[in-house]
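Participant: Pasted the sequence and its predicted model underneath.
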Amino acid sequence: MTIRPLKYHIKPEIDVKNHRVTFYIDQPDNYTVEFNKNVKRAVHIFANEIEENVPKKDDKNVLYIGPGEWNIENIVLEDGKTVYVSGGAVVHGIINANFASNVKVRGRGIIDGSGIRGWKGRTPRIPLKFDNCTNISVEGICALNANAWCFQAYDTIGGKIDGLKIITSRPNGDGISLQSCKSFKVQNGFVRTWDDSLVVKNYDENSTNIRFKNMQIWTDLAQSMEIGYETNKGQKENSKIEDISFEDITVLHNFHKPVLSIHNADDALITNINYKNIVVEDASVGQGDGTPQLIDLGIVQNSSWSATRERGTIDGVTIDGFKVLYGNKFLPSKVEGYDDSHKVKNVTMKGLKIKGKAIKSLEDGGIEVNPLSTENIAVK
């Protein structure tokens, strides 16, 4: 039996006769229990901190959803309003905001999309969707089994996403997708997805000042931490994605594509991207039609995702602390630009450790670098 994250070194007591497993935790966090070295029937336990400052039911600015099962097709938030989903509440529906300011969704309840049919040929029903908003806050709740991606913010400035838990097994089931957003903090959450887990894209305006911190990720398909492919979907002049950081991220499992990836499929400049203290507990990448790579930094042209004819640049990426505990026998990486005018450059990797081996050079890490389309790629 395995209990994750592995950093807690939890040793359970197993009572075979009574079919009982007992273990103790001494701090709030997200825990995953796997039986008989099999991930298919894992149990996710979200041990929250004690909730404080619960809104009052009679507050005129609060939609208070108490314990029970509720069929609410769509809740639309207006300026200054809060939706509170209490512990014990399951809401079958979605919560959206458009051109709203100072809105909140919080609580310990569940937003469930299991009853909504798949979105191919239909409208995607995103449980938490904030478009053209300012100062949004989502705290504590669970979002389960959306019929598309689970959290979207588009052209939104100012966001705090704290303690959000996402589990989805649907195709196109991205976790947290920030599109043309500015000044976001995403922290203390859990994301298990069928598709990309944490995503930054440019669909319209530039993306900047986005922080992912203290997150647990389980990625069944696609990438765990992805910038791209759409980096200038709106075909804007001087498109840029900058000042993005991923810190204290634990990847429980990644089965399909790279753990850490930047795919610039348009003409944007991607710059000042930082990764710090990334721990990958299981990198079983490359399963199915996946790509068996840990890290993939590339400038590409993609028939499905590219919106511009010109290519862009990736300039300034730092990876400071990247540890893989278990995974494939061989775990390569790749850095490749498009041509000698559209390069990946100024990339520094340090503190890399793959299955106990300290990586001190490109060769040590099996990191493939195209010398014609890259510049100043260093491993320290």
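Facilitator: Yep, that arrived.
Participant: beta partners for the residue nearest to N254 when sequence neighbours are not counted?
Facilitator: In this structure, N254 finds its nearest non-sequential neighbour in T219, 4.7 Å apart by C-beta to C-beta, 6 or more residues apart in numbering. Every residue, glycine included, has its C-beta placed from N, CA and C. Beta-bridge partners for T219, by DSSP bridges, are T193, N254.
Participant: Need the phi and psi values for K7.
Facilitator: Main-chain torsions, K7, degrees, to the nearest 10: phi -60, psi -20.
Participant: who are the neighbours in contact with it?
Facilitator: Contact analysis of K7 by C-beta atoms under 8 Å, 6 or more residues apart in numbering lists 250, 279.
Participant: Quick one, grab the pLDDT at it.
Facilitator: K7 is assigned 97 on the pLDDT scale.
Participant: K323 versus that one, what's the distance?
Facilitator: Using C-beta to C-beta, to the nearest Å, K7 is found at 11 Å from K323.
Participant: Now do the shared contacts for these two.
Facilitator: Jointly contacting K7 and K323 under the rule C-beta under 8 Å, 6+ apart are V279.
Participant: can you tell me how far the nearest residue in space to S114 that is not next to it in sequence sits from F151?
Facilitator: Distances taken as C-beta to C-beta, 6+ apart put N145 closest to S114, at 4.5 Å, once the chain neighbours are dropped. Here the criterion is C-beta to C-beta. By it, N145 lies 13 Å from F151.
Participant: tally of neighbours for I354?
Facilitator: 21 (other C-beta atoms under 10 Å).
Participant: ok, the residue nearest to it when sequence neighbours are not counted - contacts?
Facilitator: Using C-beta to C-beta, 6+ apart and skipping the chain neighbours, the partner closest in space to I354 is V324 (4.7 Å). Going by C-beta under 8 Å, 6+ apart, V324 touches 280, 283, 294, 331, 353-355.
Participant: repeat that with 7 Å
Facilitator: Taking C-beta atoms under 7 Å, 6 or more residues apart in numbering, we find V324 in contact with 280, 283, 294, 331, 354-355.
Participant: Now, of those, which are buried?
Facilitator: With burial judged by 16 or more other C-beta atoms under 10 Å, the buried subset of the contacts of V324 is 280, 283, 294, 331, 354.
Participant: On the three-state scheme, L362 is what?
Facilitator: Recorded secondary structure, L362: coil (DSSP: H, G, I helix; E, B strand; the rest coil).
Participant: Could you double-check that it lies in contact with V369?
Facilitator: Yes: counting by C-beta atoms under 7 Å, L362 touches V369, with 5.9 Å between them.
Participant: Can you spell out which helices and strands pack onto the helix or strand where I166 lies?
Facilitator: If you go by DSSP states H and E, I166 is part of strand 165-167. Under the contact definition 3 or more C-beta pairs under 7 Å, 6 or more residues apart in numbering; DSSP states H and E, strand 165-167 sits against strand 142-144, strand 190-193.
Participant: what does it rub up against?
Facilitator: Strand 165-167 has contacts (C-beta under 7 Å, 6+ apart) with 30, 44, 46, 142-145, 150-151, 175, 189-193.
Participant: If we use 10 Å, what do you get?
Facilitator: With contact meaning C-beta atoms under 10 Å, 6 or more residues apart in numbering, strand 165-167 is reached by 30, 44, 46, 48, 108, 110-111, 127-128, 140-146, 149-151, 173-176, 188-194, 197, 216-218.
Participant: List the buried residues for it?
Facilitator: Result for strand 165-167 [16+ other C-beta under 10 Å]: buried residues 165-167.
Participant: Which of the residues you listed sits closest to N206?
Facilitator: Proximity of those to N206 (C-beta to C-beta) peaks at I166, which lies at 25.7 Å.
Participant: Is that closest one bridged to anything, and to what?
Facilitator: Per DSSP bridges, the residues bridged to I166 are A143, V191.
Participant: Would you confirm that D220 contacts T168?
Facilitator: Yes: under the criterion of C-beta atoms under 10 Å, D220 makes contact with T168 at 9.3 Å.
Participant: More neighbours: those two, which one.
Facilitator: T168 (26 against 18).
Participant: how about stretch 200-211 as PDB, C-alpha atoms only?
Facilitator: What follows is stretch 200-211, C-alpha atoms only, in PDB (Å, rounded to 0.1, in the frame of the first residue of the first chain):
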ATOM      1  CA  VAL A 200      -1.500  29.100 -19.200                       C
ATOM      2  CA  LYS A 201      -2.500  30.400 -22.600                       C
ATOM      3  CA  ASN A 202      -3.000  33.600 -24.600                       C
ATOM      4  CA  TYR A 203      -6.400  33.800 -26.200                       C
ATOM      5  CA  ASP A 204      -6.600  37.500 -26.300                       C
ATOM      6  CA  GLU A 205      -4.600  39.900 -24.100                       C
ATOM      7  CA  ASN A 206      -1.200  39.100 -22.600                       C
ATOM      8  CA  SER A 207      -0.700  36.800 -19.600                       C
ATOM      9  CA  THR A 208       1.500  38.000 -16.700                       C
ATOM     10  CA  ASN A 209       2.200  37.600 -13.000                       C
ATOM     11  CA  ILE A 210       0.700  34.100 -12.500                       C
ATOM     12  CA  ARG A 211       1.800  32.000  -9.500                       C
END
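Participant: Appreciated, that's everything.
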